[in-house]
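Peer 1: Curious how this folds, go ahead:
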Amino acid sequence: MKILKTSADLTNKESYALTMSPAVQKMKNAVGQQLTVAKWCIYQDVNAKDGKEQTIVAIMTPEHEVFATNSATFLRDFEQMCDILADDLAAGEALEIKVLTGTSKSGREFITCALAAF
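Peer 2: Numbers count the residues shown, from 1 in each chain. Model (predicted):
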């Protein structure tokens with residue numbers, strides 16, 4: 001496992017909670033919810049099922065709930081949101097996201113996110 005990017009310096013406990021804890025929930029279980037993002041990280045890990053490397057985004061709420069996904073769409077949209085809001089987040093503004101779902105042109109369901117508080 002290799003951490004690629006984080007919201008801030010993470011403690012060892014936060015790194016574990018975001019990347020290895022069995023309590024991590026699937027992001028698709030949060031579809032339709034609004035989540036406050038306290039910490040986040042993007043990391044690479046090997047998929048136990050097929051042995052292929054995958055990139056995962058994991059977020060932690062202020063209540064220490066952790067949600068993660070390997071959805072490329074979610075990852076792209078989340079990274080772009082954090083890049084655009086970098087100055088606001090550095091100034092201490094909270095990041096509120098909505099977890100959304102959609103259907104691709106080929107009929108596959110996917111998850112993504114959008115800025116919730118405006």
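Peer 1: tell me which residues of the helix or strand of the chain with the lowest mean pLDDT are tucked away?
Peer 2: Least confident helix or strand of the chain, by mean pLDDT, DSSP states H and E, is helix 86-90 with a mean of 90. Within helix 86-90, the residues that qualify as buried are Leu89, counting by 16 or more other Cβ atoms under 10 Å. Every residue, glycine included, has its C-beta placed from N, CA and C.
Peer 1: Off-centre distance for it?
Peer 2: 17 Å (Cα atoms, centre = their mean, to the nearest Å).
Peer 1: What are the contacting residues of that helix?
Peer 2: Applying Cβ atoms under 8 Å, 6 or more residues apart in numbering, the external contacts of helix 86-90 come out as 7, 82, 95.
Peer 1: neighbour-wise, which of those residues leads?
Peer 2: Leu95 (20 neighbours; other Cβ atoms under 10 Å).
Peer 1: Pull up the per-residue confidence for it.
Peer 2: Turning to Leu95, the model gives it a pLDDT of 94.
Peer 1: how close does it sit to Val57?
Peer 2: Applying Cβ to Cβ, to the nearest Å, the value for Leu95 to Val57 is 13 Å.
Peer 1: Ok, Phe110 next?
Peer 2: For Phe110, the distance to Val57 - Cβ to Cβ - is 14 Å.
Peer 1: same check, this time on Pro22
Peer 2: 18 Å.
Peer 1: Which residues are in contact with Glu93?
Peer 2: Leu85.
Peer 1: What are the boundaries of the strands in this protein?
Peer 2: 2-6, 25-26, 34-37, 39-46, 53-60, 66-69, 95-103, 109-115 (DSSP state E).
Peer 1: Dump those into CSV; add distance to Phe78 as well.
Peer 2: CSV is the format used below for the strands of the chain (distance: least, Cβ to Cβ, whole Å):
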stretch, distance to Phe78
strand 2-6, 10
strand 25-26, 15
strand 34-37, 9
strand 39-46, 8
strand 53-60, 6
strand 66-69, 9
strand 95-103, 7
strand 109-115, 5
